[in-house]
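# Sequence and predicted structure, then a few things I'm wondering about:
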Amino acid sequence: MQRTGPLAAVQTPPSAGALSCRVLDPVDEPVPHAEFTVSDTLGRKVVGGGTDPFGSFVAAVPAGEYRLAVSAEGYTPYRASATVTEDTLSSLGDVTLQVARPPELPAPGDWEIEPAHSSIAFTARHIGLARIHGRFNSFAGAVRIADDMARSAMHVVIDAASIDTNVRMRDDHLRSGDFLDVQRFPTLEFYSDRFTHRGGNRWAVTGALSLHGVTRTVTLDAEYLGLGNGMEGEVRAACRATTELHRDDFTVSWQTMLARGIAVVGPSIRIDLDVQIVPKG
């Protein structure tokens, strides 16, 4: 049977319908790539995805009752309920997201990284094969928060010998002269005095990374998570950050490693940081 009407362009099996909406910002502009999740009444996810470049989405789902959640960077999440009936398009129409209030920034002054609640991890390809996951177990850092957040500064020192991939032989090799050469270069250091607000809770932290005797400019893509309190009531701030390093930039040449038959870590390495800072005592 030739389908006509609002479901003409939506492929739905028997006993199913479609759910749709258009996501707009407060000035009625579409919000592309907003994330949506459709769940059943028990909270189980049924379908999810992102809005198209025009802020719209449509999904075929079995007939029933649903909960819809829509979120986008810099906006307050939106939630609604909907009933979908067989062979029917259930539209929520235009959904307007409200701009979220940015989280409160840390107070100006000297702060320090709390290693017990922070981590510096990395992920690398094993020359195009399985991923290698590792971390540095020993590090310290200080952050000076300025009255103008953009003028803040941070300095992080990492113990190169504390590299840990849960394989002792591999870790010994990574510490050797083939890679980090920890005897000659015992630390990795990052210093930044350039904090750039990218909107919402996103910041770019640009600075100099010294690794293997070479210093390069690196930018961390940071997500500020806000303020909280520890178990003893102390104030702390948290953020997540990522960046990608290329080994050749630091004269750790993977081509040379391959030529020597050493296939340990690929040419690029993703760095993931979870950091909590506390006021310096």
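All right, it came through fine.

# Domains in the protein, by residue range?
Domains of the chain are assigned by automatic domain parsing as 5-96, 109-279.

# Those: which one's closest to residue 102?
domain 109-279 (6.1 Å; C-beta to C-beta). C-betas here are computed from N, CA, C, even on glycine.

# average pLDDT for that closest one?
Per-residue pLDDT over domain 109-279 has a mean of 85.

# what do you get for stretch 87-101?
The average pLDDT for stretch 87-101 rounds to 87.

# Now do the end-to-end distance for that stretch.
From its first residue to its last, stretch 87-101 covers 40 Å (C-alpha to C-alpha, to the nearest Å).

# can you list the residues that contact it?
Residues from elsewhere that reach stretch 87-101 (C-beta atoms under 8 Å, 6 or more residues apart in numbering): 5-7, 10, 12, 16-26, 28, 31, 34, 58, 68, 70, 72, 74-76, 78, 80, 82-84, 200.

# what ranges do the strands span in the stretch 1-150 of the chain?
Applying DSSP state E, counting those that start in this stretch to the stretch 1-150 of the chain gives strands spanning 16-24, 35-39, 45-50, 56-62, 64-71, 78-84, 89-96, 109-113, 119-125, 131-136, 139-145.

# The stretch 151-281 of the chain too?
Ranges of strands in the stretch 151-281 of the chain, per DSSP E, counting those that start in this stretch, are 153-159, 163-164, 187-199, 202-211, 214-229, 235-246, 268-279.

# what would the strands of the stretch 1-150 of the chain look like in CSV with mean neighbour count and distance to residue 213?
CSV is the format used below for the strands of the stretch 1-150 of the chain (neighbours: other C-beta atoms under 10 Å; distance: least, C-beta to C-beta, whole Å):
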stretch, mean neighbour count, distance to residue 213
strand 16-24, 21, 50
strand 35-39, 17, 43
strand 45-50, 13, 43
strand 56-62, 18, 51
strand 64-71, 16, 44
strand 78-84, 15, 51
strand 89-96, 15, 54
strand 109-113, 17, 24
strand 119-125, 18, 19
strand 131-136, 16, 18
strand 139-145, 18, 19
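
# Same list (those) but as JSON lines, adding distance to residue 189.
Output for the strands of the stretch 1-150 of the chain, formatted as JSON lines (distance: least, C-beta to C-beta, whole Å):
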{"stretch": "strand 16-24", "distance to residue 189": "43"}
{"stretch": "strand 35-39", "distance to residue 189": "37"}
{"stretch": "strand 45-50", "distance to residue 189": "38"}
{"stretch": "strand 56-62", "distance to residue 189": "46"}
{"stretch": "strand 64-71", "distance to residue 189": "37"}
{"stretch": "strand 78-84", "distance to residue 189": "43"}
{"stretch": "strand 89-96", "distance to residue 189": "47"}
{"stretch": "strand 109-113", "distance to residue 189": "13"}
{"stretch": "strand 119-125", "distance to residue 189": "12"}
{"stretch": "strand 131-136", "distance to residue 189": "12"}
{"stretch": "strand 139-145", "distance to residue 189": "10"}
